[in-house]
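[1] Build me a model:
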Amino acid sequence: MPSLIDIRRRIRSVKNMQQITKAMKMVSAAKLRRAQERAVASRPYAEMMRRVLSNVAAASAGIDEVAELPLLQVREEKRTQLIVVSSDTGLAGAFNANLLRMAHKFVDERGGETIDIEAIGRKGRDYFKKHSYSITGDYVGVVDKPTIEQAREIAGKMIDRYSKAEVDAVYIIVNEFKSVMAPNLVTRKILPVEIPQDEQNQNIDYIYEQAPQELLKTLLPRYVEMSIYRAMLESISAYHAARMTAMDAASSNAGDVIQEQTLYLNRVRQASITREIIEIVSGAAAS
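    Modelled structure (predicted):
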């Protein structure tokens, strides 16, 4: 049976840990608010770009130059590029585990293809290196505060590889922020660009200062950049939501352990007092 001092030391240790998890929960809650604001602020721009791209594509339909644009070329997928957006740190429950499991499933389902990995985040990079995947690049320290310049760098690399036919398709796997309790794992194809359809504006006739095919040639790389940038913003929001939930659960579990150990401490102390009283009474009776 452990001594009273050992039990008290354990209770004190768990209380210290509970203070840390509560502080980490508050930090993640503050970071979540800021990350969520950035993710939500990017959505109107992304939606407007999607509509503009749809309109320009509709206006340039049937033009041979458009059909020859590199980012619209559909090829048989023999070599695939996969972008995985994980986090740099853990302590977020199953956030990274579910993401990497989905990436592993993606690779297994395409057993006959060559899969190249572009790892965004330390957790993803370490996992893929450990399991000997083909990694074409990794980005550590960019997901906590993503910028459009970082997304442009990644998008430029993907566009270059696709334009040179080094890969036949580019996919991205990311945790999108849906709510604090419900992250949303998605796999999305970003190359070749699939022109979004906007049924509401199909009959609108626009006057273009430049030729529609020239506008489309400029818009397509921007569309890829925005897709990657939004994925990074959504991922960091989902990460802080998962971490806040995990720290809340850890604080609650620590409270249960403290309560359980306190009851155990009281029982041990009561048993010790009872044993001492019995010894005193026995000694008095013997004398």
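
[2] what sits against the closest residue to Arg75 other than its chain neighbours?
    Once flanking residues are discounted, Arg75 sits nearest to Asp168: 4.4 Å by Cβ to Cβ, 6 or more residues apart in numbering. Bear in mind the C-beta positions are built from the backbone N, C-alpha and C, glycine included. With contact taken as Cβ atoms under 8 Å, 6 or more residues apart in numbering, Asp168 is in contact with Arg75, Glu76, Glu77, Lys78, Arg79, Thr80.

[3] Now do the same contact list for Ala238.
    Phe95, Asn175, Glu176, Phe177, Lys178, Pro183, Asn184.

[4] quick one on the thing from earlier: got CSV for the contacts of Asp168, with neighbour count and distance to Thr21 too?
    Formatted as CSV, these follow (neighbours: other Cβ atoms under 10 Å; distance: Cβ to Cβ, whole Å):
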residue, neighbour count, distance to Thr21
Arg75, 12, 50
Glu76, 8, 50
Glu77, 15, 44
Lys78, 12, 48
Arg79, 17, 44
Thr80, 19, 40
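
[5] ok, so of those, who is nearest Arg9?
    Using Cβ to Cβ, Thr80 comes nearest to Arg9 of these, at 54.3 Å.

[6] looking at it, that closest one is touching Glu113, isn't it?
    Yes: when contacts are counted by Cβ atoms under 8 Å, Thr80 is listed as touching Glu113 (5.3 Å).

[7] circling back to that earlier point, buried members of the contacts of Ala238 into PyMOL, please.
    Per 16 or more other Cβ atoms under 10 Å, the buried members of those correspond to this PyMOL selection:
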select buried, resi 95+175+176+177+183
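
[8] Show me which of the contacts of Ala238 is closest to Val193.
    Nearest to Val193 out of the contacts of Ala238 is Glu176 (Cβ to Cβ; 19.4 Å).
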